[in-house]
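> Have a look; sequence and predicted model below, questions after that.
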Amino acid sequence: MDWIDAVAVVGIVVLAVSATALETIVVAAALGGFMLSLSVWRLYGGRPWEALGWFAWVGAAAMVVLGPGNPPVLVAFVIAAIVGAMALLGGRFGILVDVWSVDDRRVE
């Protein structure tokens with residue numbers, strides 16, 4: 001767990017507590033923006049799979065804003081949440097291959 005994970009935990013807890021005082025759409029939009037910033041931090045830090053996972057969760061937050069009562073939106077929310085979790089955990093535990101690193105060896 002690094003400092004970005006700590007910021008993510010604190011930020012999500014603060015947004016969850018604010019959900020008691022604010023409307024769901026406002027909290028979902030704020031959560032989406034927060035996750036987008038986490039995605040950029042992870043991408044800049046060299047963890048593209050984790051960045052993709054956070055970005056998928058931005059999509060899940062957007063589905064909450066679009067309307068949670070609509071069945072197709074609910075399906076898109078579940079798919080985005082599952083893809084986000086798989087990319088985040090796969091990148092964290094080294095299951096997904098590092099396809100972004102460049103090797104110095106030349107193919108001749």
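Yep, it's here. The shown structure was predicted, so the numbers you read here are calculated from the model rather than taken from an experiment.

> Next one, pLDDT for the nearest residue to V65 once chain neighbours are set aside please.
Of all residues not flanking V65 in the chain, A28 sits nearest, at 4.8 Å (C-beta to C-beta, 6 or more residues apart in numbering). Every residue, glycine included, has its C-beta placed from N, CA and C. We have a pLDDT of 88 for A28.

> from memory A28 sits against A61, does it?
Yes - assessed by C-beta atoms under 8 Å, A28 is found in contact with A61 at 5.1 Å.

> Report the contact partners of L89.
Residues near L89 by C-beta atoms under 8 Å, 6 or more residues apart in numbering: 53, 95.

> one more time with 7 Å, if that's ok
Shown in contact with L89 (C-beta atoms under 7 Å, 6 or more residues apart in numbering): no residues.

> Please identify which helix or strand holds it.
Using DSSP states H and E, L89 falls within helix 71-92.

> quick one: buried residues of that helix?
Using 16 or more other C-beta atoms under 10 Å as the burial criterion, the residues of helix 71-92 that qualify are 73, 76-77, 80-81, 83-84, 86-88, 90-91.

> between A28 and A61, which one's more packed in?
Just comparing A28 and A61: by other C-beta atoms under 10 Å the higher neighbour count belongs to A61, 24 against 21.

> Am I right that the more buried one is in contact with G33?
No - the criterion here is C-beta atoms under 7 Å, and A61 misses it with G33 at 8.5 Å.

> For the one residue sitting closest to the centre of the chain, what are phi and psi?
By C-alpha atoms, centre = their mean, the chain has its centre lying nearest to W54, at 1.5 Å. With angles defined as degrees, to the nearest 10, W54 sits at phi -60, psi -40.

> Check the gap between the spatially closest residue to it that is not a sequence neighbour and V26 for me.
Spatial nearest neighbour of W54, chain neighbours left out: S39 (3.8 Å); criterion: C-beta to C-beta, 6+ apart. To V26, S39 is 20 Å away according to C-beta to C-beta, to the nearest Å.
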